[in-house]
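K.L.:
Got a predicted structure here, sequence first:
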Protein chains: 2
Amino acid sequence: MSFDFEVVATDGAARAGILHTPHGEILTPVFAPVGTAGTVKAVPPRDLEELDTQLILANTYHLYLRPGDELVRNLGGLHEFMRWDRPILTDSGGFQVFSLADINKIDEDGVTFRSHIDGSQKRLTPERSMQIQQNLGADIIMAFDQCPPPTDRAEVEAAIARTHSWLRRCRRAHPDDEKQALFGIVQGGVFPDLREASARFVTDMDLKGYALGGLAVGESKEEMVATLDQTVPCLPCDKPRYLMGVGEPDDLVEGITRGIDIFDCVIPTRLARHGAAFTHDGRVNLRNARYRADEAPIDSALVNYSSQFSRAYLRHLLVAKELLAYYLISLHNIDFLVRHVGNIRQAIIEGSLREYAARFLPRYLRRDLSTE
Amino acid sequence: MSFDFEVVATDGAARAGILHTPHGEILTPVFAPVGTAGTVKAVPPRDLEELDTQLILANTYHLYLRPGDELVRNLGGLHEFMRWDRPILTDSGGFQVFSLADINKIDEDGVTFRSHIDGSQKRLTPERSMQIQQNLGADIIMAFDQCPPPTDRAEVEAAIARTHSWLRRCRRAHPDDEKQALFGIVQGGVFPDLREASARFVTDMDLKGYALGGLAVGESKEEMVATLDQTVPCLPCDKPRYLMGVGEPDDLVEGITRGIDIFDCVIPTRLARHGAAFTHDGRVNLRNARYRADEAPIDSALVNYSSQFSRAYLRHLLVAKELLAYYLISLHNIDFLVRHVGNIRQAIIEGSLREYAARFLPRYLRRDLSTE
């Protein structure tokens, strides 16, 4: 049945599961690349399938502004529009409104803002976010929330109150969880008591899944991990748990170890556009002159289409600003994260997650990134 | 044997042939997309193979300046560097030096110029062009020539004299035609007597193939066609004939009808970056608002990966400046030209070229391009 979630194995707090959706099963833990405007930047959907990408995230804010959610609905929904027939998750638009838009007014009812594209005045409310996400037709949709700076207690308290009130309205505006699953978002910044209160409120709504919001937005890694340690146990075991906006390879290990099932992040494609690539020995920047004549692939432990090309060729493409560079490096970075999470899932099933982490993390973190 | 050329069928002056190269057979007539800097912009080599692209052109001038021909040689040559194991043709660098570089001095020996990339002083001579093209390792290489404005008789005469003297030096600097075939270039602008004299001189050198240079560089279509009518009969029947820099669908028909075998042009990828696509009903610009909600593919007569996507989606990608647009439209445009030339080859074999042209040209040329 749609959105049933089965935990098939555990290793400590970590879980391997299966989330059923109208567009097929998602094996969790899962990493979702981000296709902001209905395209994972520079990567054709068939290449994403080839890499065993199971889930992508698209941004409600961007698609609402351009090309417009009603146009997407009239063209058959986002799956049809972008030719991707595996699961899609859309965010609520809240995060982008608060980070990208020129906000005119936040009130109890919603947010009035100017589009960052053409300056036109727009308004988002919980009901409107649900309507837009229904028009887009993603499998998993998110409640409209306010994401505050995570270390300012007064702001976090105000944002929680608003987020909870808006969640009630989202629930009412989205009564049917058969075609689309509504996930609620636990806020609370880095404050344990606020996280716990928010988790209690949100999980009382009995939703299809729960997200941790307001992390990876400025707090330290230690604060993020401490918040996971404290908050994840407040979430029910039988529902998927989603850590929004997190995708660094080491953070994926930390999150999964603490019981997170779903991640999304722009990092694989954004890094690629800056010439940076993940390797098992840490992150490298392929623009660096040291790769000028380097015949090796980006990471010899990864075999995909981009691994046919030398670092020297990729560096040449980057220096010449050739579009093929962004495609090949994005492909590599997505493959790196998708396989990494797939390997972690396998380790959970085999009961060897601790060994995987002990093998992966020291090697990945050894390199001093500041020298790149 | 390498670079043997067989004509397998004729239809009027048009020929269907097979050109043997160290990287496989080329069925002619053939259209070669351009991979200026060692990449056909935005299109991975495996996609070019999927489209049955048989030959690509790379630019000696660009690769000489960046990443440098010696680096490419040290990395195994251009085929290995860019992971393309089908035939490659390199130009001589002459055309780009005269059109892109800041020229300091042209003398009998060669050209001194400033790189358009970093302003450094560089020098190309016939011998240096041969050396660079040997380092790059293309299957077909071109003699170093001077391409003048085609309608200025005095300039054309001076350029021919220099081009012929340089061709002798290219021949001496490239004694071995087994690994790489040297093609000579007939100049002469739009002047029949000069074209004839140039054709006589160049074909007397008994090279592996002959190109018509200095066309599609500012003269009218009528002048180009008249020059083909007059010059092609001056070239031997048993060698491939190459019309440089031509790729408009109607010009391909005109060229093949007059006995041309090889074409190259940046047009499919350059148009794509501006949102323009070939269709059997003429060229369209997919940025146009009329395609906002258009569910049809670019051209319903063409079935390839890009034809899975609607014009509405492609327009959205273009408006949002998403890289996927350039990939999908480039794919379409290359497929359009490669299949068009393949269909023409089939028509030659069937003796129906006139019918093909009568079907294709009026429909393709009907649309008023200025309204797009």
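P.N.:
Looks like it came in fine. Numbers count the residues shown, from 1 in each chain, chains lettered A, B, ... in the order given.

K.L.:
Quick check on A:G119: phi, psi?
P.N.:
Here is the backbone geometry of A:G119 (degrees, to the nearest 10): phi 80, psi 0.

K.L.:
partners of the closest residue in space to it that isn't next to it in sequence in the sheet?
P.N.:
Here the nearest residue to A:G119 in space, its sequence neighbours aside, is A:D102; by C-beta to C-beta, 6 or more residues apart in numbering or on different chains that works out to 7.9 Å. Every residue, glycine included, has its C-beta placed from N, CA and C. Listed beta-bridge partners, A:D102: A:R114 (assigned using DSSP bridges).

K.L.:
how about A:D102, what does it touch?
P.N.:
Residues near A:D102 by C-beta atoms under 8 Å, 6 or more residues apart in numbering or on different chains: A:113-114, A:116, A:119.

K.L.:
do you know how far it is from B:G218?
P.N.:
According to C-beta to C-beta, to the nearest Å, A:D102 and B:G218 sit 48 Å apart.

K.L.:
Which SSE is immediately downstream of the helix or strand where A:V253 lies?
P.N.:
Element membership for A:V253 (DSSP states H and E) is helix A:249-257. Later in the chain than helix A:249-257, the nearest helix or strand by DSSP H and E is strand A:262-265.

K.L.:
From the contact counts, what lies against the helix or strand just after that following strand?
P.N.:
Moving toward the C-terminus from strand A:262-265, the next helix or strand (DSSP H and E) is helix A:267-273. Here helix A:267-273 touches strand A:276-279, helix A:323-350, going by 3 or more C-beta pairs under 8 Å, 6 or more residues apart in numbering or on different chains; DSSP states H and E.

K.L.:
mind listing what the shortest one pairs with, with the direction of each?
P.N.:
Paired with strand A:276-279 in the same sheet, following DSSP bridges, are strand A:282-285 (antiparallel).

K.L.:
Quick check: buried residues in the partner strand?
P.N.:
Under the neighbour-count criterion of 16 or more other C-beta atoms under 10 Å in any protein chain shown, strand A:282-285 has A:282-285 buried.

K.L.:
Could you dump these into a markdown table and include pLDDT?
P.N.:
Shown next, in a markdown table, are the buried residues of strand A:282-285 (pLDDT from 0 to 100):
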| residue | pLDDT |
| --- | --- |
| A:G282 | 96 |
| A:R283 | 96 |
| A:V284 | 97 |
| A:N285 | 97 |
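
K.L.:
list the contacts for the residue most central in space within chain A?
P.N.:
In chain A, the centroid-proximal residue (C-alpha atoms, centre = their mean) is A:D264; its distance is 1.4 Å. Contact analysis of A:D264 by C-beta under 8 Å, 6+ apart lists A:31-34, A:57, A:89, A:242, A:244-247.

K.L.:
neighbours around the closest residue to A:L215 other than its chain neighbours, how many?
P.N.:
Of all residues not flanking A:L215 in the chain, A:M224 sits nearest, at 5.1 Å (C-beta to C-beta, 6+ apart). Applying other C-beta atoms under 10 Å in any protein chain shown, we find 21 residues neighbouring A:M224.

K.L.:
Next up, phi/psi of A:M224, please.
P.N.:
Dihedral pair for A:M224: phi -60, psi -50, per degrees, to the nearest 10.

K.L.:
pretty sure it is in contact with A:L212, am I right?
P.N.:
No. Taking contacts as C-beta atoms under 8 Å, A:M224 lies outside contact range of A:L212: 9.3 Å.

K.L.:
where does A:N104 land in three-state SS?
P.N.:
Three-state call for A:N104 (DSSP: H, G, I helix; E, B strand; the rest coil): strand.

K.L.:
And the residue lying closest to it once chain neighbours are set aside, how far from A:L57?
P.N.:
In space, A:N104 comes closest to A:T112 once its chain neighbours are excluded; the distance is 4.5 Å by C-beta to C-beta, 6+ apart. As judged by C-beta to C-beta, A:T112 and A:L57 stand 25 Å apart.

K.L.:
Between these two, which is the more surrounded one?
P.N.:
Between A:T112 and A:L57, A:L57 has the larger neighbour count (other C-beta under 10 Å), namely 26 against 17.

K.L.:
Now intersect the contacts of A:D264 with the strands, please.
P.N.:
The members of the contacts of A:D264 that map onto strands under DSSP state E are A:31-33, A:57, A:89, A:242.

K.L.:
what two of those residues are the furthest from one another?
P.N.:
A:P33 and A:Y242 (14.7 Å; C-beta to C-beta).

K.L.:
Count the residues that sit near the residue of the stretch 101-250 of chain A found nearest chain B.
P.N.:
Going by C-beta to the nearest C-beta, chain B is nearest to A:I117 of the stretch 101-250 of chain A, at 8.9 Å. Number of residues near A:I117 (other C-beta under 10 Å) recorded here: 14.

K.L.:
For the residue nearest to A:V284 when sequence neighbours are not counted, give me its contacts.
P.N.:
With C-beta to C-beta, 6+ apart as the criterion, A:V284 has its nearest non-adjacent residue at 5.6 Å, and that residue is A:A277. By C-beta under 8 Å, 6+ apart, the residues touching A:A277 are A:271, A:283-286, A:298-299, A:329, A:332-333, A:336.

K.L.:
Greatest separation within these: which pair is it?
P.N.:
Pairwise over these, using C-beta to C-beta, the maximum falls at A:N285 and A:F336, 14.9 Å.

K.L.:
dump the residue contacts of A:G77.
P.N.:
Counting by C-beta under 8 Å, 6+ apart, A:G77 makes contact with A:135-137.

K.L.:
Select only the buried ones of the residues you listed in PyMOL?
P.N.:
Applying 16+ other C-beta under 10 Å to the contacts of A:G77, the buried members can be selected in PyMOL as follows:
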select buried, chain A and resi 135+136+137
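
K.L.:
CSV for the contacts of A:G77, including distance to B:P233?
P.N.:
Shown next, in CSV, are the contacts of A:G77 (distance: C-beta to C-beta, whole Å):
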residue, distance to B:P233
A:N135, 64
A:L136, 62
A:G137, 62
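
K.L.:
what ranges do the helices span in the stretch 151-300 of chain A?
P.N.:
Secondary structure of the stretch 151-300 of chain A (DSSP state H, counting those that start in this stretch): helices at A:153-173, A:192-203, A:221-231, A:249-257, A:267-273.

K.L.:
which stretch among those helices comes nearest B:L323?
P.N.:
So among the helices of the stretch 151-300 of chain A, helix A:267-273 is nearest, using C-beta to C-beta, at 8.7 Å.

K.L.:
Using PDB, list the CA coordinates for that closest one.
P.N.:
Provided in PDB are the C-alpha atoms of helix A:267-273 (Å, rounded to 0.1, in the frame of the first residue of the first chain):
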ATOM      1  CA  ILE A 267      25.900  19.400  -3.000                       C
ATOM      2  CA  PRO A 268      26.800  16.900  -5.700                       C
ATOM      3  CA  THR A 269      25.700  19.100  -8.600                       C
ATOM      4  CA  ARG A 270      26.700  22.400  -7.000                       C
ATOM      5  CA  LEU A 271      30.200  21.200  -6.300                       C
ATOM      6  CA  ALA A 272      30.400  19.900  -9.900                       C
ATOM      7  CA  ARG A 273      29.800  23.300 -11.300                       C
END
